[in-house]
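> task: produce atomic coordinates for the following.
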Amino acid sequence: MWSEGRRTGDDRMRLLNAGFGNLVMAERVVALVNADAAPIRRLIQSAREEGRAVDATAGRKTRTVLILDSGHLLLSALQPETLAARLAEPGETGRRNGTEEGETE
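Numbering: from 1, shown residues only. Predicted coordinates:
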């Protein structure tokens, strides 16, 4: 989901909803990768040890890792395809009936 934030010149800050109310600046995202591969699991473990991992899964299984330009990793419970669609189409909200895909209230 895209949100409008503070203005930066004539352009607005774009936020990507990474799930469960967690937002990240879309311009900071370098890559979206599937969390199932062993090299990515090692990368996550290394980032946790170094304090560079941000867990936005709300206790659910990590499905996607967003690699940020700062070297931080954002762990999301949403599918990579869901997040990629949100990045590609800023008009889409990615919501159904007020809840995110995979979210329950």
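
> wait, residue 56 touches residue 74, no?
Yes. Taking contacts as Cβ atoms under 8 Å, residue 56 lies within contact range of residue 74: 5.8 Å. (C-beta placed from N, C-alpha, C; glycine too.)

> higher neighbour count, these two?
Remark: of residue 56 and residue 74, residue 74 carries more neighbours, 24 against 21, as counted by other Cβ atoms under 10 Å.

> you'd agree residue 13 is in a helix?
No. Looking at residue 13 with DSSP: H, G, I helix; E, B strand; the rest coil, it is strand, so not inside a helix.

> mind listing the shared neighbours of residue 56 and residue 74?
Contact with both residue 56 and residue 74 is made by residues 18, 22, according to Cβ atoms under 8 Å, 6 or more residues apart in numbering.

> what's the least confident helix or strand in this structure, going by average pLDDT?
strand 95-96 (a mean of 46; mean pLDDT, DSSP states H and E).

> burial of residue 49, as a residue count?
9.

> next: residue 43.
With other Cβ under 10 Å as criterion, residue 43 counts 18.
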